[in-house]
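Visitor: Sequence isn't available, so here's the structure alone:
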(Lines give C-alpha, C1' and ligand atoms only; values in the text may rest on other atoms or scores of the structure.)
Protein backbone atom coordinates (compact mmCIF):
# COMPACT_ATOMS: atom_id res chain seq x y z
CA UNK A 1 0.00 0.00 0.00
CA UNK A 2 1.28 3.44 -0.90
CA UNK A 3 2.05 5.83 1.96
CA UNK A 4 -0.37 8.69 2.39
CA UNK A 5 1.55 11.78 3.39
CA UNK A 6 0.23 14.95 5.02
CA UNK A 7 2.16 18.21 5.45
CA UNK A 8 1.46 20.16 8.65
CA UNK A 9 2.60 23.80 8.76
CA UNK A 10 2.38 25.59 12.10
CA UNK A 11 4.79 27.88 13.95
CA UNK A 12 3.84 26.32 17.31
CA UNK A 13 5.92 23.18 18.07
CA UNK A 14 3.22 21.76 20.36
CA UNK A 15 0.56 21.99 17.65
CA UNK A 16 2.84 20.37 15.07
CA UNK A 17 3.51 17.50 17.48
CA UNK A 18 -0.17 17.01 18.36
CA UNK A 19 -1.22 17.01 14.70
CA UNK A 20 1.60 14.62 13.79
CA UNK A 21 0.69 12.15 16.54
CA UNK A 22 -3.01 12.33 15.67
CA UNK A 23 -2.40 11.57 12.01
CA UNK A 24 0.34 8.98 12.51
CA UNK A 25 -1.99 6.99 14.79
CA UNK A 26 -4.45 6.99 11.87
CA UNK A 27 -1.75 5.55 9.58
CA UNK A 28 -0.50 8.62 7.74
CA UNK A 29 3.06 9.71 7.15
CA UNK A 30 3.49 13.29 8.35
CA UNK A 31 5.91 16.00 7.29
CA UNK A 32 6.30 19.09 9.46
CA UNK A 33 7.20 22.68 8.67
CA UNK A 34 7.29 25.65 11.04
CA UNK A 35 6.50 28.21 8.37
CA UNK A 36 5.76 28.95 4.74
CA UNK A 37 9.36 29.03 3.54
CA UNK A 38 10.05 25.62 5.10
CA UNK A 39 6.86 24.23 3.58
CA UNK A 40 7.73 25.42 0.07
CA UNK A 41 11.21 23.92 0.45
CA UNK A 42 9.69 20.55 1.41
CA UNK A 43 7.30 20.68 -1.55
CA UNK A 44 10.23 21.11 -3.95
CA UNK A 45 11.28 17.54 -3.08
CA UNK A 46 8.14 15.79 -1.86
CA UNK A 47 4.78 15.18 -3.50
CA UNK A 48 2.20 15.84 -0.77
CA UNK A 49 -1.46 15.80 -1.81
CA UNK A 50 -2.99 16.82 1.55
CA UNK A 51 -1.83 19.71 3.75
CA UNK A 52 -2.94 21.59 6.85
CA UNK A 53 -1.73 25.18 7.37
CA UNK A 54 -1.97 27.44 10.38
CA UNK A 55 -3.25 30.83 9.26
CA UNK A 56 -1.35 33.11 11.62
CA UNK A 57 2.40 32.58 11.28
CA UNK A 58 5.35 34.97 11.16
CA UNK A 59 6.54 35.84 7.69
CA UNK A 60 4.28 34.17 5.17
CA UNK A 61 0.81 33.60 6.64
CA UNK A 62 -1.37 30.62 5.80
CA UNK A 63 -3.44 32.47 3.20
CA UNK A 64 -0.29 33.51 1.31
CA UNK A 65 1.15 30.00 1.58
CA UNK A 66 -2.07 28.42 0.31
CA UNK A 67 -2.15 30.72 -2.71
CA UNK A 68 1.52 29.95 -3.49
CA UNK A 69 0.98 26.19 -3.20
CA UNK A 70 -2.21 26.25 -5.28
CA UNK A 71 -0.38 28.07 -8.10
CA UNK A 72 2.18 25.25 -8.25
CA UNK A 73 -0.07 22.33 -7.29
CA UNK A 74 -3.69 23.19 -8.15
CA UNK A 75 -5.07 19.79 -7.08
CA UNK A 76 -3.53 19.92 -3.58
CA UNK A 77 -6.15 19.62 -0.86
CA UNK A 78 -5.33 22.15 1.83
CA UNK A 79 -7.04 22.80 5.15
CA UNK A 80 -6.75 25.96 7.26
CA UNK A 81 -6.44 25.97 11.03
CA UNK A 82 -6.50 28.91 13.39
CA UNK A 83 -7.08 29.97 16.95
CA UNK A 84 -7.67 33.55 15.79
CA UNK A 85 -11.12 33.29 14.26
CA UNK A 86 -11.70 37.02 14.08
CA UNK A 87 -8.59 37.63 11.96
CA UNK A 88 -9.44 35.28 9.12
CA UNK A 89 -12.89 34.37 7.97
CA UNK A 90 -14.08 31.42 6.01
CA UNK A 91 -14.69 33.44 2.83
CA UNK A 92 -11.04 34.53 2.69
CA UNK A 93 -9.92 30.93 3.25
CA UNK A 94 -12.13 29.55 0.49
CA UNK A 95 -11.00 32.33 -1.83
CA UNK A 96 -7.36 31.42 -1.21
CA UNK A 97 -8.06 27.79 -2.12
CA UNK A 98 -8.52 26.08 1.24
CA UNK A 99 -10.81 23.06 1.31
CA UNK A 100 -12.09 23.74 4.81
CA UNK A 101 -11.28 25.47 8.10
CA UNK A 102 -10.51 23.96 11.53
CA UNK A 103 -10.82 26.15 14.64
CA UNK A 104 -8.45 25.61 17.56
CA UNK A 105 -8.93 23.79 19.88
CA UNK A 106 -9.48 20.93 17.49
CA UNK A 107 -11.78 18.00 17.27
CA UNK A 108 -9.07 15.52 16.28
CA UNK A 109 -11.65 12.93 15.19
CA UNK A 110 -13.01 15.46 12.70
CA UNK A 111 -9.51 16.17 11.39
CA UNK A 112 -8.81 12.45 10.86
CA UNK A 113 -12.20 12.11 9.13
CA UNK A 114 -11.53 15.07 6.80
CA UNK A 115 -8.02 13.85 5.94
CA UNK A 116 -9.44 10.41 5.09
CA UNK A 117 -12.05 12.11 2.91
CA UNK A 118 -9.31 14.15 1.18
CA UNK A 119 -7.32 11.02 0.35
CA UNK A 120 -10.52 9.45 -1.02
CA UNK A 121 -10.72 12.39 -3.44
CA UNK A 122 -7.06 12.02 -4.38
CA UNK A 123 -7.62 8.34 -5.20
CA UNK A 124 -10.71 9.12 -7.31
CA UNK A 125 -8.84 11.84 -9.19
CA UNK A 126 -6.00 9.41 -9.99
CA UNK A 127 -8.50 7.14 -11.77
CA UNK A 128 -9.67 9.88 -14.14
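Guide: Okay, I see it. Predicted model only: the values in this text are computed from it and were never measured.
Visitor: Centre of the chain to stretch 119-128, how far?
Guide: Distance of stretch 119-128 from the chain centroid (CA atoms, centre = their mean, to the nearest Å) equals 18 Å.
Visitor: I should have written stretch 37-50 there, sorry.
Guide: Relative to the centre of its chain, stretch 37-50 is centred 11 Å away, using CA atoms, centre = their mean.
Visitor: What are the buried residues along it?
Guide: By neighbour count on 16 or more other CB atoms under 10 Å, the buried set for stretch 37-50 is 38-40, 42-43, 48-50. The C-beta positions use only the backbone N, C-alpha and C, and glycine is treated the same way.
Visitor: check which helix or strand covers residue 56.
Guide: When elements are defined using DSSP states H and E, residue 56 is found to belong to no helix and no strand.
Visitor: what number of residues lie near it?
Guide: For residue 56, the tally of surrounding residues (other CB atoms under 10 Å) stands at 16.
Visitor: you'd agree residue 60 is up against residue 36?
Guide: Yes: under the criterion of CB atoms under 8 Å, residue 60 is in contact with residue 36, at a separation of 3.0 Å.
Visitor: on that earlier part again, for the buried residues of stretch 37-50, give me CSV that also has pLDDT, distance to residue 116 and secondary structure.
Guide: Shown next, in CSV, are those (pLDDT from 0 to 100; distance: CB to CB, whole Å; DSSP: H, G, I helix; E, B strand; the rest coil):
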residue, pLDDT, distance to residue 116, secondary structure
38, 97, 26, helix
39, 98, 22, helix
40, 97, 26, helix
42, 97, 22, helix
43, 97, 22, helix
48, 96, 16, coil
49, 96, 13, coil
50, 98, 10, strand
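Visitor: When residue 60 and residue 36 are compared, which one has more neighbours?
Guide: Summary of the neighbour comparison: residue 60 and residue 36, criterion other CB under 10 Å, with residue 36 having more neighbours (23 against 19).
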